[in-house]
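Participant: mind looking at a prediction? Sequence and model below.
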Amino acid sequence: MRSSLLLRTGIPVLVIVALYTLSHPYHESIKAKLPEMPSLDVSLPWSTNHPPPRNLSEGHWEPYKPLVDEVELWGESNCRIDTSDGKDRHDIPKETKARVTAMNNWQWVIDDGLSLSNWTSTAFIERVIQNRFGMLIIGDSLSGQMMVALQTMLSPPKAPGQPLILTTRGHDVYMDKRYPNITEAWFNKKHPLYRQLQEKYPQVPRERFDQPLVTCVRTDIMITDPELDQIMHDIGNETPVQKFFRSQGDWRAVLNKYANHPGWEGELPGLVITNTGAHWNSVYMAPTKLDDLAAAYDKMLDLVSDSLTHFAQRMPFRVLFRSISPPHTDCGKYNSPVAPSDPATVLPEDWRGWQIFSRYNDMARTKYAPNYDAALSGRPAYWDIWTMSVVRPDAHVGYNGPGWDCVHWCSPSVLECI
């Protein structure tokens, strides 16, 4: 196995960082075979007695030639090649594959020089089954990409005659009926690991195996419209805020449902990964001025933290609040990572208000210092992904006619989990 010091882009880096930050640091490259049942001590992950996590966001990108099957495992990519010139392309799939392969020709190397333990999909499932909800991802469409990445990582190619390890369900359909507010990854009871883990963990209630392992709730601003209206009133902004194209999956209802479930002796903490910010801009909240948006965002952070702390009094879990994923301008100009000092890493002032995202991150970093003991009480710990992602303008979806998508990320790529 290749040294796990190098985080390949064949596996979305941010998923790996998130799993490590609050747990035992498992890591493994995606392999074109069904992984074996791991012989790992999974009593430690996400417990209260572990060393402070390392900062995996401190590193740099180095060239790496991915294996062909690492790229092909992800199936059809959402990446696009530049067809903005209107010229006919004779082999778009081939050109797209070449772009995806080149984009994944980089590995994230941790600056501390220490290696990571191995991560496997089966070890992850073995861990999350020991909590009543496992993992909960809360956020906008970029968090949805994180869910897709994790589902792919947990569903390696099956052996002949072997069922897939996961099944997926979406419900509470959002707006145009294409995007569910809630997506769930369930344990496939036909997979042999299902019975193996039931035998290994008799203290875990049988009904837990028939609940989602991972749930993703799409909510673009983390709070309800009435809560937003009250916040705007409190800061003295009485101008009605634009409320179009906004998903409001009820993440509090999901947590409340599980908080009402009885726990069991030896239950381990779950993991909540959340973020909001991309929709707190001059377009989605027009005509609010940026300073008012910042004041409202600050109050939202307190409101979210209070809600999470309330639920943490009723069941064990840790919380990561990830930084905002950086968009870029003119992302089609790039075909490799840039230096941290490159102008591409500075968000320009423009009509969308993207320049405020760094300000939001500073606010969250100050409010949610990376205190992982506090995170067990429900108070979020800040998770910085800006450093590793702002230098990758080349990894966005690209030209998605009639315009460019320099916000979302390719699958697979550096940040497909965002």
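Facilitator: It's in. Numbering: from 1, shown residues only.

Participant: how about residue 199, secondary structure?
Facilitator: helix (DSSP: H, G, I helix; E, B strand; the rest coil).

Participant: same question, residue 304
Facilitator: helix.

Participant: make residue 1 into 41 and carry on from there
Facilitator: Yep, numbering from 41; the last one is residue 344 now.

Participant: just say helix, strand or coil for residue 347.
Facilitator: Residue 347 ends up helix, using three-state DSSP.

Participant: thought residue 338 was touching residue 403?
Facilitator: Yes - counting by C-beta atoms under 8 Å, residue 338 does reach residue 403; the two are 5.6 Å apart. Every residue, glycine included, has its C-beta placed from N, CA and C.

Participant: low-confidence ranges in this structure?
Facilitator: Counting by pLDDT under 70, the chain contains low-confidence ranges at 41-94, 105-117, 127, 129-130, 155-159, 196-200, 212-220, 285, 410-416, 454-458.

Participant: so where do the strands sit in it?
Facilitator: Ranges of strands within the chain are 46-48, 99-103, 146-150, 175-179, 206-214, 219-227, 254-258, 310-314, 357-362, 421-423, 436-440, 443-449, based on DSSP state E.

Participant: distance of the residue most central in space within the chain from residue 210?
Facilitator: Residue closest to the average C-alpha location in the chain (C-alpha atoms, centre = their mean): residue 186, at 3.5 Å. Distance of residue 186 to residue 210, given as C-beta to C-beta, to the nearest Å: 15 Å.

Participant: same thing with residue 387?
Facilitator: 32 Å.

Participant: do residue 448 as well
Facilitator: Taking C-beta to C-beta as the measure, residue 448 and residue 210 are separated by 18 Å.

Participant: the more surrounded of the two?
Facilitator: Applying other C-beta atoms under 10 Å to residue 448 and residue 210 shows that residue 448 carries more neighbours, namely 21 against 15.

Participant: hmm, that one is touching residue 185, no?
Facilitator: Yes - with contact defined as C-beta under 8 Å, residue 448 reaches residue 185; the gap is 6.5 Å.

Participant: what is the burial count for residue 308?
Facilitator: The burial count for residue 308: 22, using other C-beta under 10 Å.

Participant: settle this for me: it is touching residue 171, isn't it.
Facilitator: Yes - at 5.3 Å, residue 308 and residue 171 qualify as touching, with contact defined as C-beta under 8 Å.

Participant: ok, back up a step: quick check: the residue nearest to the centre of the chain touching residue 176?
Facilitator: No - using C-beta under 8 Å as the test, residue 186 is too far from residue 176 to be in contact (11.6 Å).

Participant: need the residues touching each of those two.
Facilitator: 256, 313 (C-beta atoms under 8 Å, 6 or more residues apart in numbering).

Participant: what about the helices in the stretch 41-190 of the chain?
Facilitator: 53-61, 108-112, 132-143, 161-168, 181-193 (DSSP state H, counting those that start in this stretch).

Participant: of all these, which lies closest to residue 287?
Facilitator: Set against residue 287 and scored by C-beta to C-beta, these come closest in helix 181-193, at 8.1 Å.

Participant: rewinding a little: can you tell me which of the helices of the stretch 41-190 of the chain is most buried?
Facilitator: helix 53-61 (a mean of 25; mean count of other C-beta atoms under 10 Å).

Participant: hang on, the earlier thing: distance check, the residue nearest to the centre of the chain against residue 100.
Facilitator: Residue 186 is 22 Å from residue 100, by C-beta to C-beta.

Participant: may I have stretch 134-152 as PDB, with CA atoms only?
Facilitator: The C-alpha coordinates for stretch 134-152 follow below in PDB (Å, rounded to 0.1, in the frame of the first residue of the first chain):
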ATOM      1  CA  LYS A 134     -11.700  11.300 -24.200                       C
ATOM      2  CA  GLU A 135     -10.800  15.000 -23.600                       C
ATOM      3  CA  THR A 136     -12.800  15.000 -20.400                       C
ATOM      4  CA  LYS A 137     -11.100  11.900 -19.100                       C
ATOM      5  CA  ALA A 138      -7.700  13.500 -19.900                       C
ATOM      6  CA  ARG A 139      -8.700  16.600 -18.000                       C
ATOM      7  CA  VAL A 140      -9.900  14.600 -14.900                       C
ATOM      8  CA  THR A 141      -6.700  12.500 -15.000                       C
ATOM      9  CA  ALA A 142      -4.500  15.600 -15.200                       C
ATOM     10  CA  MET A 143      -6.500  17.300 -12.400                       C
ATOM     11  CA  ASN A 144      -5.900  14.300 -10.200                       C
ATOM     12  CA  ASN A 145      -2.200  14.300 -11.000                       C
ATOM     13  CA  TRP A 146      -1.500  15.900  -7.600                       C
ATOM     14  CA  GLN A 147      -1.200  14.700  -4.000                       C
ATOM     15  CA  TRP A 148      -1.600  16.600  -0.800                       C
ATOM     16  CA  VAL A 149       1.500  16.100   1.400                       C
ATOM     17  CA  ILE A 150       1.200  17.000   5.100                       C
ATOM     18  CA  ASP A 151       3.900  19.400   6.200                       C
ATOM     19  CA  ASP A 152       4.600  17.700   9.600                       C
END
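
Participant: gap between that stretch and the chain center?
Facilitator: 19 Å (C-alpha atoms, centre = their mean, to the nearest Å).

Participant: for stretch 420-439, same thing?
Facilitator: Counting by C-alpha atoms, centre = their mean, stretch 420-439 comes out at 11 Å from the chain centroid.

Participant: end to end on that stretch, go ahead and measure it.
Facilitator: End-to-end span of stretch 420-439 (C-alpha to C-alpha, to the nearest Å): 35 Å.

Participant: then stretch 350-370?
Facilitator: End-to-end span of stretch 350-370 (C-alpha to C-alpha): 43 Å.

Participant: just the buried residues of it, please?
Facilitator: Buried residues in stretch 350-370, counting neighbours by 16 or more other C-beta atoms under 10 Å, are found at 351-352, 355-369.
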